[in-house]
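# let's see this in three dimensions:
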Amino acid sequence: MDKIKEFLRAFCASLATAKMYPMTHPQAREVVNGAYQLLQEVLKERNELIIGIVEDEIVFDKEVMFDVNAMLQLIIVHAKKIGIEKIHFLKRIQKEELTKFITFLLTPQEKELGNLSDHLVMLGITNVKVSSLTTPDEVEKKDVVRGGQYYQDFLKELPSYYDKMLAREPIPSSVYLELKFALFNLMDNLRGKHYEFLYLDSIRKYDQVLPHSLNVCLLAVHLAASLGFPQEDRLDIGMSALFHDIGRVYRTRLAADARGQKKEAPEADSGHAQLGAKLLLIHEETLGALPAIVAHAHHRKYHDTRGEGIPHPPKAHIASLIIAVCDCYDTLCRRWTGGQDYSPKRIYEMLQKNKDSFHPALLKKFIKVMGVWPVGTIVALNDGRIAVVREESEADVLCPKVEVIVPEEDRGQFIDLRESKSTVTIARALNPFTQGQAYFDLL
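Predicted structure coming up:
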């Protein structure tokens, strides 16, 4: 069973890699080679490997793989998009066939394929058989995996990666790639609804630095995408954002250990930005230099020529400038969800008041992309109705498109506030953990 789980992880990694790189790319070839070798190990002991997909779970030999299903959602999503519910890997499978099957799973299908196994034979894949119990249309209607579940699953796994980073020992590149693939999967499945998952109740189960780091990551990737960054660069920025506050986590743990042992914590007085950069440089060979650069500079103001601990600091990296905006924004948002008076409108005003702290073009673009009232915000209109923001307006950030949810007779009505601002406007936002909570079921 362990070998099968290893293969499925590697197969999922192959799918993720193929979404980022062409199959001719050295990294894609390396990951697929690894998956093929693991599959060969499994098939030494059996004539075929049959994997089933039941609802949103991977099943082998009637056993649901609960402990690895969160990591295998990419297989489930792409298989079910085509209508596949069972995959047979036969003993004589060749590496070229596995490569072609991965490409097949990732290729959008514009028409009904008919018998899927016959279609695979036409593609030169004779040692992989598939079967289906439902049609792709039915799968589409079922909305296989909700983005919010991806967010929670990723957040649940994140502490284990922090533990590996904080151990101050080199981490294998496979661990970093696994996290990178998981982030790519998360980005792919949020489908532009990143804001709606930033403040789930479930995040309160975790160290608050970790959901903050994930939120900053999602915001930074979204901003980078809107700026036209290629996918690989967006991933690098997102990975750097994930660990931008690792110095805070480490310093907190040092202080807790020192209290337990009644002694002074080493490095406890170091600034968390400097400390985080030092920790990440230990892993430079695997991570590259960018995460350490971001960790060191993410609190530097745009016009600050001093830097922290550097007499003549170089010009800030674009990733640091992007993450600085997102870090401040999420910090203010989290104060609002904590019950303080930091509504979206006030956060917008505070960013404008402190605009010299940020790169002016990046701040302007961030506000255009997020709007004053981000998508998913529950708002009270000036006529007493309750609505939810559905779409931003870059032309007028104060006037998004909203959908009325209360009263019932107006529910589902869409209002473009740019067109109706002379009569209908947003009076205030409703805090999702207080006044807004009563409307969650209507969203």
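# quick one: low-confidence ranges for the stretch 51-200 of the chain?
Scanning the stretch 51-200 of the chain for pLDDT under 70 picks out 55-56, 61-74, 109-114, 133-148, 188-189, 191-200.
# identify each of the helices in it and give its residue range.
In the stretch 51-200 of the chain, the helices defined using DSSP state H, counting those that start in this stretch lie at 73-82, 95-106, 116-122, 136-142, 147-166, 173-190.
# what is the third one packed up against?
Secondary structure elements in contact with helix 116-122, counted by 3 or more CB pairs under 8 Å, 6 or more residues apart in numbering; DSSP states H and E, are strand 128-131. (Each C-beta comes from the backbone N, C-alpha and C, glycine too.)
# what's the strand it packs on packed up against?
Using 3+ CB pairs under 8 Å, 6+ apart, the elements in contact with strand 128-131 are strand 86-90, helix 95-106, helix 116-122.
# okay, the ones you listed in a markdown table with distance to L290 and mean neighbour count next?
Converted to a markdown table, the helices and strands packed on strand 128-131 look like this (distance: least, CB to CB, whole Å; neighbours: other CB atoms under 10 Å):
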| stretch | distance to L290 | mean neighbour count |
| --- | --- | --- |
| strand 86-90 | 37 | 17 |
| helix 95-106 | 27 | 18 |
| helix 116-122 | 40 | 14 |
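# is it possible to export the ones you listed to TSV including distance to Y161?
Shown next, in TSV, are the helices and strands packed on strand 128-131 (distance: least, CB to CB, whole Å):
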stretch	distance to Y161
strand 86-90	29
helix 95-106	25
helix 116-122	36
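# among those, which is nearest L275?
Set against L275 and scored by CB to CB, the helices and strands packed on strand 128-131 come closest in helix 95-106, at 40.6 Å.
# now do that closest one: which elements does it pack against?
Using 3+ CB pairs under 8 Å, 6+ apart: helix 95-106 touches helix 2-20, helix 26-43, helix 73-82, strand 128-131.
# please repeat the previous calculation with a cut-off of 6 Å.
In this structure, helix 95-106 packs against helix 2-20, helix 26-43, with contacts taken as 3 or more CB pairs under 6 Å, 6 or more residues apart in numbering; DSSP states H and E.
# what's the closest of the helices and strands packed on strand 128-131 to V294?
Minimum separation from V294 across those (CB to CB) falls at helix 95-106, 30.4 Å.
# show residues contacting that closest one.
For helix 95-106, the external contacting residues (CB atoms under 6 Å, 6 or more residues apart in numbering) are 14, 18, 23, 32, 36, 78, 123, 125, 127-128.
# same check on stretch 412-428?
Applying CB under 6 Å, 6+ apart, the contact partners of stretch 412-428 are 379-382, 393, 396, 399, 401-404.
# can you redo those as CSV with pLDDT, neighbour count and secondary structure?
Written out in CSV, the entries for those read as follows (pLDDT from 0 to 100; neighbours: other CB atoms under 10 Å; DSSP: H, G, I helix; E, B strand; the rest coil):
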residue, pLDDT, neighbour count, secondary structure
V379, 94, 23, strand
A380, 96, 17, strand
L381, 97, 19, strand
N382, 95, 11, coil
S393, 89, 16, coil
D396, 91, 14, coil
C399, 94, 22, coil
K401, 94, 17, strand
V402, 96, 26, strand
E403, 95, 17, strand
V404, 96, 21, strand
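# how much space is there between L279 and R253?
For L279, the distance to R253 equals 11 Å [CB to CB, to the nearest Å].
# reformat the helices of the stretch 51-200 of the chain as JSON lines; add distance to F243.
Shown next, in JSON lines, are the helices of the stretch 51-200 of the chain (distance: least, CB to CB, whole Å):
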{"stretch": "helix 73-82", "distance to F243": "23"}
{"stretch": "helix 95-106", "distance to F243": "29"}
{"stretch": "helix 116-122", "distance to F243": "41"}
{"stretch": "helix 136-142", "distance to F243": "36"}
{"stretch": "helix 147-166", "distance to F243": "7"}
{"stretch": "helix 173-190", "distance to F243": "10"}
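# looking at those, which is closest to G247?
Ranking the helices of the stretch 51-200 of the chain by proximity to G247 (CB to CB) places helix 147-166 first, at 10.2 Å.
# got the angle between that closest one and helix 173-190?
Between helix 147-166 and helix 173-190, the angle comes out at 160 degrees (axes from the mean of the first three to the mean of the last three CA atoms, to 10 degrees).
# assign L49 to helix, strand or coil.
Secondary structure for L49, judged by DSSP: H, G, I helix; E, B strand; the rest coil, is strand.
# make sure G376 is indeed in a strand.
No - secondary structure of G376 (three-state DSSP): coil, not part of a strand.
# ok, how many other residues are close to it?
By the criterion of other CB atoms under 10 Å, G376 has 17 neighbours.
# give me the pLDDT for it.
Per-residue pLDDT puts G376 at 85.
# quick one: it from M1, how far?
Distance of G376 to M1, computed by CB to CB: 41 Å.
# cool, and Q435?
Distance from Q435 to M1, by CB to CB: 49 Å.
# likewise L321?
The value you get for L321 to M1, if CB to CB is used, is 47 Å.
# kindly report the same for H119.
For H119, the distance to M1 equals 31 Å [CB to CB].
# what of F366?
The value you get for F366 to M1, if CB to CB is used, is 47 Å.
# more crowded one of these two?
Taking other CB under 10 Å, F366 and M1 do not tie; F366 has more neighbours (23 against 9).
# return stretch 41-54 as CSV; C-alpha atoms alone will do.
C-alpha atoms of stretch 41-54 as CSV (Å, rounded to 0.1, in the frame of the first residue of the first chain):
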residue,chain,number,x,y,z
GLU,A,41,7.8,-1.1,-8.6
VAL,A,42,4.1,-1.5,-7.9
LEU,A,43,3.5,-3.6,-11.1
LYS,A,44,6.3,-6.1,-10.1
GLU,A,45,3.8,-7.5,-7.6
ARG,A,46,0.6,-7.4,-9.6
ASN,A,47,-0.6,-7.6,-13.2
GLU,A,48,-2.4,-4.2,-13.0
LEU,A,49,-3.1,-1.3,-10.7
ILE,A,50,-6.7,-0.2,-10.5
ILE,A,51,-7.6,3.1,-9.0
GLY,A,52,-11.2,4.2,-8.4
ILE,A,53,-12.6,7.7,-7.9
VAL,A,54,-15.7,7.6,-5.7
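# which of the residues in that stretch are buried?
42-43, 49, 51-53 (16 or more other CB atoms under 10 Å).
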